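Chemist: make a model of this:
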Amino acid sequence: MPPNPTLQACSYCNKHYKRQGFRTHEKACRKQIEQQREDIELARDIRHVSGMASSVSQPEVDDIQIRYHPNSGHPMQVHHFEDYRCGPGAPVVSPTINPEPWHPFRTRINFEVAELAHEAALTHEQIDRLIRLIHRSRCELFTLRNHKDVRNTWDAASYKLTPFMKEEVVVPYGNLFNIRPALMCLSHCSLWDWAIDLLQDPEVGPHFVFDAQQLSKFDGEKFVRFIHEPWTASMFWEYQSKIPADAKPLAFILYADKAKLSSFGRAKGYPVVARCANLPTAIRNGEGLGGGRVVGWLPIVKEDKKHSGKPAFINFKNMVWHTSFLKLLACLVALSKLGSSVKCWDDIVRIFYPIILILSADYEEQVVMALICGLMGKFPCPICLVPREELSKISNMHQLCTSVDAKALQSTTLEVREQILSSESLRDVDNSFDTMEHTDVFQALSFDKLHFNDEGNFDHLWTELQKWITNSGRQAAVQIDNLQIASFESFPRWRNLNHFDQVISVSFSDGTKYEDISKLIVFAAHNVFQRDVDPHVYLLLHCIWSYVELNMYASLEVHTEDTIRDGRNTLSKFAELMDIYIKDTADLSEKSWNFPKIHLSAHLFDDIEAKGVTQNYNMKPNEKMHGPLKDAYQDRTNFKNFAEQILRYNHDSLIAEYIHSKVDCLDTQNLSLSDLPDLSEADELELTEPTDTQHFSLGSWQAMKSFADIEVDNIGNPAFDRFRIKLNEFLNRAFAANNIPYPDGRRITEFRFIKVNYELLVDWQVSTDYLQCSPMFHGSPRYDCVIIQAETGAIFAKLLLVFTCMVGNVQYPIALTLPYDQPVGAHLWKDKDFKFWRVKAKPRASAECFSVQSIIRSCVLAEDGTRPNEFLVIDTTDTDMFLRMEEIRTETGYH
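Modeler: This next block holds a predicted model:
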């Protein structure tokens with residue numbers, strides 16, 4: 001029988017598949033075989049190590065296994081969890097401290113005065129006046145004379161870090177659109193020199209990670225792979241396999257997006273921000289030398305009414321962008337093919353090969369980077385060839401785009417080239433990223449959680465829900481906003497969650513507020529719309545809940561094999577619900593769900609496996625950098641040719657921050673050489689801040705009270721009835737069981753604030769919750785809820801009173817709480833649909849005492865007004881709470 005021409009054979013499994021989606025299958029098949037090969041090699045390595053040292057101990061639960069890339073020369077290592085840190089940690093050897101880090105400023109006070117004038121954006125006259133005042137009363141040598149002297153010193157200091165340069169961008173055919181070359185200017189600094197600044201800095205350098213790693217955590221039966229930083233994901237590993245064995249990858253993260261500099265958006269800038277993927281997230285996404293750096297300022301082609309929207313003009317704008325970006329990448333192009341040696345902070349010479357690992361951009365910028373036709377093209381996705389009319393079908397797989405295919409067009413005839421460009425909706429422009437060896441622009445483009453989810457998918461879902469609420473009448477909106485018990489206005493306040501008085505009228509907001517609305521809307525609306533009465537709205541709420549779950553998985557700071565699997569299942573469930581909703585409401589709405597951002601969710605978990613978790617390419621840290629640029633435009637420019645003025649101010653700020661950090665290091669060193677206080681005196685100091693080893697600390701203490709005072713102050717509150725008896729029952733259990741003498745006297749000290757440290761389930765780092773237990777906090781009572789480790793297991797409870805009893809010279813902290821551990825009634829359909837976890841409060845007279853030490857963490861509970869004394873656990877407040885509730889549901893078999 002002749003072979004079917006519509007089928008193609010996979011070279012890995014030898015099975016035949018349809019051409020559509022074949023590349024996706026082949027990629028997955030190759031990955032599976034590579035994983036099997038790696039498992040075999042790992043087993044061989046383990047047998048080899050076991051043969052050399054028969055005394056190797058069996059792994060313990062939570063042990064961390066690190067398998068380095070073969071080119072690193074490092075053997076596989078297993079660390080006990082307590083000894084492991086996510087990241088390279090602090091340097092073992094302290095860096096050499098420069099005794100005069102303020103140079104070229106002549107003295108330290110010279111620098112500090114210049115820094116103050118810079119931060120305060122003083123005018124030339126104000127700086128001169130400040131300097132005259134300092135000269136009139138000085139105790140340290142101060143040599144600055146006027147603003148010109150300050151400016152000259154800043155210019156001399158600018159070469160401490162890579163400075164900016166300015167180039168003209170010359171693009172053919174600009175004269176056709178009345179674009180004068182003189183107006184097309186690019187300001188940028190050398191990406192390579194910027195990276196060398198980091199590699200040679202004694203504070204930042206020790207934090208670099210040069211070799212790919214595969215990390216696993218032992219669960220008692222097997223090692224489970226987990227991913228967080230870029231070097232723990234697959235692309236970093238694959239790239240290190242492509243370069244010489246003695247070389248190291250130097251991975252860049254690049255961001256580009258237009259920024260509105262003026263209030264009405266008439267003045268715009270186009271900054272390019274670089275980050276180094278070899279540095280840990282805390283440094284890379286933080287501030288300081290190792291954080292993001294503005295490395296370029298792209299030219300913006302002004303719109304022309306004559307030509308705007310025409311294909312030739314759009315191609316011209318794309319050509320300007322890529323010609324400009326090519327100048328930015330020019331310093332890396334040759335190095336990506338040949339590599340370059342760099343003497344690093346530790347005096348070791350290493351060979352580096354640069355790669356653009358991650359491109360962080362919103363959809364509009366991704367369209368430009370990938371050179372596709374965008375929303376109106378046949379294939380609007382910058383990652384794969386999904387037809388425009390199938391964007392809403394998230395579960396469908398499509399052929400992935402590759403730079404290999406794009407480069408192949410250059411060797412075809414003009415006629416064939418135009419045919420392929422037209423058929424795949426590509427721009428006839430040379431892509432600047434194709435000049436970089438081993439850089440594939442389609443693989444580097446990354447999932448933008450801020451714009452694709454928070455300001456993308458949820459924006460569409462939220463607008464759809466607002467439409468249904470409006471059609472349902474004013475009463476539904478009022479109920480959701482502030483009438484019912486579980487309304488937005490009545491939700492308990494949470495430290496990292498925006499509190500809303502009303503949301504139904506919100507038609508536009510920033511991504512953070514949209515994200516917070518999405519976390520709470522189902523809890524506020526589930527009693528307003530019923531499954532049998534309002535089937536379409538109920539189904540939409542189900543879609544929103546599934547989206548929120550998906551967004552929580554997208555937010556995880558560490559992903560394991562299990563969470564990636566669960567995330568993909570959640571994505572499939574979201575796609576299935578959306579398909580049903582779109583089909584059921586097709587005759588009721590003209591809304592089109594075929595938009596790119598809903599489809600791009602299909603690539604989310606592929607990106608996580610390839611480049612690490614989404615915080616590696618989240619746009620929030622980059623967009624945060626727009627703020628100082630806008631301030632510089634308003635305060636430090638004359639609004640003419642402002643790009644150069646903004647970048648000079650930005651560079652001065654970076655230099656000031658750099659010198660300041662070196663001065664701080666010098667001060668720290670000088671302090672360490674001075675006489676230290678006597679340890680016996682240090683022991684007497686009161687600890688006011690919790691540490692990683694200290695589970696909690698108490699604050700906002702009140703005057704000491706007797707037991708009788710407590711009961712009198714709370715007359716009418718059943719929770720405080722028989723307070724002394726409740727406390728005695730707790731003391732009998734806790735103090736007697738641990739052979740602790742009973743408290744002295746009958747007086748206690750009340751505290752109204754607690755800091756609780758706990759280990760996060762998501763990334764095993766220590767986090768801190770701030771808890772209030774106060775009759776008056778910012779104008780209203782505030783009694784937070786907590787999860788407590790009771791003798792029978794973890795329970796939810798509400799804090800009523802936090803106090804200490806004195807035993808000898810030791811204070812024992814105790815919390816009077818109202819437990820939420822009563823059996824709940826029958827579960828409703830919506831409990832299953834929305835995965836609600838219900839708890840029920842005991843009568844207030846049944847309040848119990850627990851040790852503050854037993855508090856695991858805080859939580860938020862929303863009362864269900866239709867079920868007396870029943871509350872819903874809001875598990876979407878943060879990723880740790882989300883995983884804890886998933887764990888509880890799994891343990892109880894409730895899904």
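
Chemist: show the end-to-end separation of stretch 803-822, please.
Modeler: Its start and end residues considered, stretch 803-822 measures 25 Å (Cα to Cα, to the nearest Å).

Chemist: and that stretch, average pLDDT?
Modeler: Model confidence over stretch 803-822, given as mean pLDDT, is 86.

Chemist: and that stretch, which residues are buried?
Modeler: Applying a neighbour-count criterion of 16 or more other Cβ atoms under 10 Å, the buried positions in stretch 803-822 are 803-805, 811-821. C-beta coordinates here come from the backbone N, C-alpha and C atoms, glycine included.

Chemist: that's a strand at residue 775, yeah?
Modeler: Yes - if the criterion is DSSP: H, G, I helix; E, B strand; the rest coil, then residue 775 is within a strand.

Chemist: quick one, what contacts it?
Modeler: Residues in contact with residue 775 (Cβ atoms under 8 Å, 6 or more residues apart in numbering) are residue 781.

Chemist: tell me the pLDDT at it?
Modeler: Reading off the confidence values, residue 775 has pLDDT 92.

Chemist: re the thing from before, ok, so of the buried residues of stretch 803-822, who is nearest residue 363?
Modeler: Among those, residue 820 lies closest to residue 363 (Cβ to Cβ), at 43.6 Å.

Chemist: tell me the SS of the most centrally placed residue in the chain?
Modeler: Computing the C-alpha centroid of the chain and ranking residues by Cα atoms, centre = their mean puts residue 615 first, at 3.3 Å. In the three-state summary, residue 615 is assigned as helix, counting by three-state DSSP.

Chemist: so residue 849 sits right up against residue 727, yeah?
Modeler: Yes - with contact defined as Cβ atoms under 8 Å, residue 849 counts as touching residue 727 (5.7 Å).

Chemist: tell me, what's touching those two both at once?
Modeler: When Cβ under 8 Å, 6+ apart defines a contact, the residues bordering residue 849 and residue 727 alike are residue 814.

Chemist: can you report phi and psi for residue 565?
Modeler: Reported as degrees, to the nearest 10, the phi and psi values for residue 565 are phi -60, psi -50.

Chemist: surely residue 78 is in a strand?
Modeler: Yes - per three-state DSSP, residue 78 lies within a strand segment.

Chemist: which residue is the nearest non-sequential neighbour of it?
Modeler: residue 65 (5.0 Å; Cβ to Cβ, 6 or more residues apart in numbering).

Chemist: do residue 250 as well
Modeler: Nearest residue to residue 250 in three dimensions, chain neighbours excluded: residue 352, at 4.1 Å (Cβ to Cβ, 6+ apart).

Chemist: can you pull out the helices in the stretch 151-300 of the chain?
Modeler: 191-200, 234-242, 281-284 (DSSP state H, counting those that start in this stretch).

Chemist: tilt between the strand or helix carrying residue 670 and helix 191-200?
Modeler: Under the criterion of DSSP states H and E, residue 670 resides in helix 642-673. For the pair helix 642-673 and helix 191-200, the angle between their directions (axes from the mean of the first three to the mean of the last three Cα atoms, to 10 degrees) equals 10 degrees.

Chemist: off-centre distance for helix 642-673?
Modeler: 26 Å (Cα atoms, centre = their mean, to the nearest Å).

Chemist: what's the neighbour count on residue 79?
Modeler: Using other Cβ atoms under 10 Å as the criterion, residue 79 is surrounded by 12 other residues.

Chemist: that should have said residue 887, apologies.
Modeler: Look at residue 887: counted by other Cβ under 10 Å, it has 12 neighbours.

Chemist: so it is in contact with residue 761, correct?
Modeler: Yes - using Cβ under 8 Å, residue 887 is in contact with residue 761, at 7.2 Å.

Chemist: contacting residues around residue 796?
Modeler: By Cβ under 8 Å, 6+ apart, the contact set of residue 796 is 785, 786, 787, 788, 819, 820, 821, 839, 859, 861, 871, 873.

Chemist: please narrow the residues you listed to those residing in strands.
Modeler: Secondary structure from DSSP state E places 785, 786, 787, 788, 819, 839, 859, 861, 871, 873 of the contacts of residue 796 in strands.

Chemist: for the first one, give the beta-bridge partners.
Modeler: With DSSP bridges as the criterion, residue 785 is bridged to residue 798, residue 859.

Chemist: lowest average confidence, helix or strand, in the protein?
Modeler: helix 679-682 (a mean of 36; mean pLDDT, DSSP states H and E).

Chemist: tell me the helix or strand right after it.
Modeler: Using DSSP H and E, the helix or strand that directly follows helix 679-682 along the chain is strand 696-706.

Chemist: quick check: buried residues in stretch 582-601?
Modeler: Buried residues in stretch 582-601, counting neighbours by 16+ other Cβ under 10 Å, are found at 582, 585, 593, 594, 595, 596, 597, 598, 599, 600, 601.

Chemist: show me the contacts for the first one.
Modeler: Residue 582 makes contact with 392, 593, according to Cβ under 8 Å, 6+ apart.

Chemist: what strand or helix carries it?
Modeler: helix 561-584.

Chemist: buried ones in that helix, by neighbour count?
Modeler: Result for helix 561-584 [16+ other Cβ under 10 Å]: buried residues 563-564, 566-567, 570-571, 573-575, 577-579, 581-582.

Chemist: so how far is the helix or strand that comes right after it off the chain centroid?
Modeler: Sequence-wise, the next helix or strand beyond helix 561-584 is helix 596-599, with elements assigned using DSSP H and E. Distance of helix 596-599 from its chain centroid, counting by Cα atoms, centre = their mean, is 20 Å.

Chemist: helices or strands next to helix 596-599 in the packing?
Modeler: For helix 596-599, not one helix or strand is in contact under the criterion 3 or more Cβ pairs under 8 Å, 6 or more residues apart in numbering; DSSP states H and E.

Chemist: which other residues reach it?
Modeler: Among residues not part of helix 596-599, those counted as contacts by Cβ under 8 Å, 6+ apart are 363, 375, 380-381, 386, 391-392, 394, 451-453, 456-457, 460, 578.

Chemist: which residue in those residues has the weakest pLDDT?
Modeler: residue 375 (89).

Chemist: contacts only, for that residue.
Modeler: If a contact means Cβ under 8 Å, 6+ apart, then residue 375 has 595, 596 as its contacts.

Chemist: list phi and psi for it.
Modeler: Backbone dihedrals for residue 375, given as degrees, to the nearest 10, come out at phi -60, psi -40.

Chemist: report the separation between it and residue 363.
Modeler: Distance of residue 375 to residue 363, computed by Cβ to Cβ, to the nearest Å: 9 Å.

Chemist: how about the nearest residue to residue 313, chain neighbours excluded?
Modeler: Leaving out its chain neighbours, the residue that sits closest to residue 313 by Cβ to Cβ, 6+ apart is residue 307, at 3.9 Å.

Chemist: so that neighbour versus residue 316, what's the distance?
Modeler: If you measure residue 307 against residue 316 using Cβ to Cβ, the figure is 8 Å.

Chemist: more neighbours, these two?
Modeler: In terms of neighbours (other Cβ under 10 Å), residue 316 is the more surrounded of residue 307 and residue 316; the figures are 21 against 16.

Chemist: is it true that that one lies in a helix?
Modeler: Yes - assigned with three-state DSSP, residue 316 falls within a helix.

Chemist: any idea how far it lies from residue 362?
Modeler: If you measure residue 316 against residue 362 using Cβ to Cβ, the figure is 22 Å.

Chemist: and for residue 840?
Modeler: As defined by Cβ to Cβ, residue 840 lies at a distance of 45 Å from residue 362.

Chemist: burial of residue 81, as a residue count?
Modeler: Here the count is done by other Cβ under 10 Å, and residue 81 has 13 residues near it.

Chemist: just give the closest residue to it, not the sequence neighbours.
Modeler: Sequence neighbours aside, residue 62 is the residue nearest to residue 81 in space, at 3.9 Å (criterion: Cβ to Cβ, 6+ apart).
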